[in-house]
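J.: coordinates only, sequence not included:
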């Protein structure tokens with residue numbers, strides 16, 4: 001396939017999957033429950049954090065998370081009582097447990113109280129062509145306050161060679177504004193051109209079959225290679241191809 005043919009093929013798949021029908025089987029439905037920016041970004045962050053494993057279980061458990069927060073994520077983060085935090089302690093999704101959930105609430109409160117909110121942190125540390133440094137700096141700030149060491153593993157770090165799939169997915173939700181009804185586009189200061197494709201087993205395998213990726217591990221180095229190749233196809237909005245790679249892998253068994 002020539003580069004032009006590959007672009008046409010992938011653009012077609014983006015059109016097929018980047019529409020509201022995609023939402024009903026994807027964790028992005030959780031932030032779509034809200035209309036206030038802070039509620040959207042917090043609900044999205046929590047849903048993305050647990051987005052590994054069975055998709056139905058991810059969605060059900062993400063709904064439980066926002067239910068436990070009285071379906072008012074931002075108000076809960078800013079104004080919770082100790083008793084309300086205790087109510088979170090029975091939550092579990094795979095290795096993310098109630099103590100991690102409590103740690104995340106405290107980390108989020110710290111971000112809003114002391115660092116002007118989530119968008120401000122990612123905006124401050126964005127680079128000319130990448131958001132990966134922002135993810136590393138966000139993790140440092142998120143865990144500036146006392147926390148359990150075990151909770152750190154639930155926020156990935158590109159500087160430790162992680163592909164940071166879940167945070168890159170969440171950044172796509174927040175920053176892409178294409179009016180197709182899927183991505184929420186609530187952050188206006190970060191260009192979609194800087195976003196990275198959420199790299200997981202499905203998108204990685206499809207990318208290798210299409211010769212967009214040669215590296216065998218799904219790590220930060222592979223992400224850099226995939227980013228470079230997707231930006232050749234669309235420098236302004238490379239991460240739209242996440243819909244194509246994911247759809248081909250999950251829905252078409254490509």
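T.: Ah, there it is. Small disclaimer: the values here were computed from a predicted structure and weren't measured.

J.: How are the helices of the stretch 1-150 of the chain distributed by residue range?
T.: Secondary structure of the stretch 1-150 of the chain (DSSP state H, counting those that start in this stretch): helices located at 3-17, 37-49, 55-68, 73-79, 82-86, 98-114, 118-124, 132-142.

J.: what about residue 167, how many neighbours?
T.: A total of 26 residues lie near residue 167 under the criterion other CB atoms under 10 Å. (Each C-beta comes from the backbone N, C-alpha and C, glycine too.)

J.: same thing with the one 3 residues further on?
T.: Counted with other CB under 10 Å, residues neighbouring residue 170 total 26.

J.: gap between it and residue 214?
T.: In this view, residue 170 and residue 214 are 27 Å apart by CB to CB, to the nearest Å.

J.: on that earlier part again, check the helices of the stretch 1-150 of the chain for me and report the most buried one.
T.: Per residue and on average, the most neighbours among those fall to helix 37-49, with a mean of 24 (mean count of other CB atoms under 10 Å).

J.: ok and that helix relative to helix 98-114, angle-wise?
T.: 150 degrees (axes from the mean of the first three to the mean of the last three CA atoms, to 10 degrees).

J.: In terms of secondary structure, what does helix 37-49 contact?
T.: In this structure, helix 37-49 packs against helix 55-68, helix 73-79, helix 98-114, helix 118-124, helix 165-175, with contacts taken as 3 or more CB pairs under 8 Å, 6 or more residues apart in numbering; DSSP states H and E.

J.: Could you name the helices and strands sitting against the third one?
T.: Read it as helix 98-114. Looks like helix 98-114 contacts helix 37-49, helix 73-79, helix 118-124, helix 132-142 (3+ CB pairs under 8 Å, 6+ apart).

J.: ok, residues contacting the last one?
T.: This means helix 132-142. Identification of contacts with helix 132-142 by CB atoms under 8 Å, 6 or more residues apart in numbering yields 107-108, 110-111, 115, 121-127, 152, 155-159, 164, 167-168, 196, 220, 223.

J.: could you give the mean pLDDT of that helix?
T.: For helix 132-142, the mean per-residue pLDDT is 98.

J.: now it against helix 98-114, angle please.
T.: Relative orientation of helix 132-142 versus helix 98-114 (the same axes, to 10 degrees): 100 degrees.
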